[in-house]
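> Got a predicted structure here, sequence first:
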Amino acid sequence: MNNTQNFIKIFTGNSITVLSIMNALEDKNIIAVVKDDSESARLAGFGMVAPGLQEVFVHQDELDVAIRIIESLK
């Protein structure tokens, strides 16, 4: 079974906002995964796709708490 199916995207935005969200999630012991397609493309030699945009994923078991944390940051 593919474990990535258990992760849900909760935010897409710039790296500064993502860093703030990651810190807030970490304070509540929530492990999040950041996906950065532009950095992956750069490292592979393909150039920038959508510069500066990152996606934050959390495990579905932590989704409710993670969404409340993001809402509190707005």
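That came through, no problem. Numbers count the residues shown, from 1 in each chain.
> And the residue nearest the centre of the chain?
residue 56 (1.1 Å; Cα atoms, centre = their mean).
> Got phi/psi on it?
phi -110, psi 130 (degrees, to the nearest 10).
> so which helix or strand takes in residue 70?
Using DSSP states H and E, the element containing residue 70 is helix 63-73.
> Only the buried residues of that helix, if you could.
Counting neighbours by 16 or more other Cβ atoms under 10 Å, one finds that the buried residues in helix 63-73 are 66, 69, 70. Heads up, the C-betas are built off the backbone N, CA and C, glycines and all.
> between the residues you listed, which is nearest residue 23?
Nearest to residue 23 among the buried residues of helix 63-73 is residue 69, at 10.2 Å by Cβ to Cβ.
> re earlier: could I get the buried residues of helix 63-73 as CSV with distance to residue 7 and pLDDT?
Shown next, in CSV, are those (distance: Cβ to Cβ, whole Å; pLDDT from 0 to 100):
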residue, distance to residue 7, pLDDT
66, 11, 96
69, 16, 94
70, 15, 93
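> Work out the gap between the longest helix along the chain and the centre of the chain.
As assigned by DSSP state H, the longest helix anywhere in the chain is helix 15-27. Centre-to-centre, helix 15-27 and its host chain are 9 Å apart (Cα atoms, centre = their mean, to the nearest Å).
> Please pull out the lowest mean pLDDT helix or strand from this structure.
helix 37-44 (a mean of 60; mean pLDDT, DSSP states H and E).
> Any chance of the backbone angles for residue 29?
phi 60, psi 40.
> now do residue 13
According to degrees, to the nearest 10, residue 13 has phi -180, psi -170.
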